[in-house]
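S.K.: Model the structure of this input:
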Amino acid sequence: MSTLEIKDLHVSVATEDGDKEILKGVTLTIKDGETHAIMGPNGSGKSTLAYSIAGHPKYTVTGGSVTLDGEDVLAMSVDERARAGLFLAMQYPVEVPGVSVSNFLRTAKTAVDGEAPKLRTWVKDVNSTLERLDLDASFSQRSVNEGFSGGEKKRHEIAQLELLDPKVAVLDETDSGLDIDALKIVSEGVNRFREQEGKGVLLITHYTRILRYITPDYVHVFVNGRIAEEGGPDLADQLEAEGYDKYVKAGV
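M.R.: I've put the predicted structure just below:
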């Protein structure tokens, strides 16, 4: 069992004009086996939520709590959060010149597990994962995200997800910049992960297209740093038809 519980979370970011509150009291619980989709317009605070959970130093938590299986996530360092079972797939994965995908993945696995994987087994696991994501084995020798297409970057993120095997995956606009073929491959990877026992997914997206391949249990409308409405998969279809306008105008 794994449960990520966010209670009344308030988060600010420093600006030239002083601290600006981005999250204004977010409460959300992701239980074992659940997939939650967060949808909302640009600037509503969706990515701020993802990065705050992961521990990005740019964001300051001013109130509320985040726990994973009862443990205080906010008291953990970034690497401790990863070891506890949190995973973040970034909207804009960064380049790491000079570090091969193979070395990056093995170093990350070693850090998360506390011991290095056996090399022969690990190479087999990496190659199998890359094959499932339609990536050639030679991909593992390229520098991380350097010269990668948008689809390759996102498929590499899903390779990390599969190999690191966290409890809860926070996926920040994993569908951005993907063509239809890459979207299907990435979605299949997410579905493989969430079909395992004890996994939770928080999927952040603007659009419903990825939800045609990954069916959420719950959909949350995010506007102005708060959850404006919650529902099931049908809510995503409603948003596709009507947009976010009524929530924005309501000044939630």
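S.K.: from here on, contacts and neighbour counts on C-alpha atoms
M.R.: Will do.
S.K.: how much distance is there from stretch 155-169 to the middle of the chain?
M.R.: For stretch 155-169, the separation from the chain centroid amounts to 9 Å (computed by Cα atoms, centre = their mean, to the nearest Å).
S.K.: now swap in stretch 108-123 and tell me
M.R.: 22 Å.
S.K.: those helices in the stretch 101-250 of the chain, which residues are they?
M.R.: 101-113, 119-132, 150-164, 180-194, 233-242, 245-250 (DSSP state H, counting those that start in this stretch).
S.K.: Show the average pLDDT along the second one.
M.R.: Spelled out, that is helix 119-132. Averaged over helix 119-132, pLDDT sits at 93.
S.K.: How about the third one?
M.R.: Computed over helix 150-164, the mean pLDDT rounds to 94.
S.K.: now stretch 11-29
M.R.: 93.
S.K.: now that stretch, how far from the chain's geometric center?
M.R.: 19 Å.
S.K.: quick one on the thing from earlier: mean neighbour count for the helices of the stretch 101-250 of the chain - can I get that in TSV?
M.R.: Converted to TSV, the helices of the stretch 101-250 of the chain look like this (neighbours: other Cα atoms under 10 Å):
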stretch	mean neighbour count
helix 101-113	18
helix 119-132	15
helix 150-164	22
helix 180-194	19
helix 233-242	15
helix 245-250	12
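S.K.: Pipe these into a markdown table and attach distance to residue 218 per row.
M.R.: Formatted as a markdown table, those follow (distance: least, Cα to Cα, whole Å):
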| stretch | distance to residue 218 |
| --- | --- |
| helix 101-113 | 29 |
| helix 119-132 | 27 |
| helix 150-164 | 21 |
| helix 180-194 | 14 |
| helix 233-242 | 6 |
| helix 245-250 | 18 |
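S.K.: what's the closest of the ones you listed to residue 22?
M.R.: Relative to residue 22, the nearest member of these by Cα to Cα is helix 245-250, separated by 15.2 Å.
S.K.: What lies in contact with the closest one?
M.R.: 223, 224, 228 (Cα atoms under 8 Å, 6 or more residues apart in numbering).
S.K.: now do 7 Å
M.R.: 223, 228 (Cα atoms under 7 Å, 6 or more residues apart in numbering).
S.K.: CA-only coordinates of it in CSV, if you can.
M.R.: Provided in CSV are the C-alpha atoms of helix 245-250 (Å, rounded to 0.1, in the frame of the first residue of the first chain):
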residue,chain,number,x,y,z
ASP,A,245,-13.5,29.6,-19.0
LYS,A,246,-16.3,29.2,-16.5
TYR,A,247,-13.8,28.4,-13.7
VAL,A,248,-11.5,31.3,-14.6
LYS,A,249,-14.4,33.7,-14.7
ALA,A,250,-15.7,32.4,-11.4
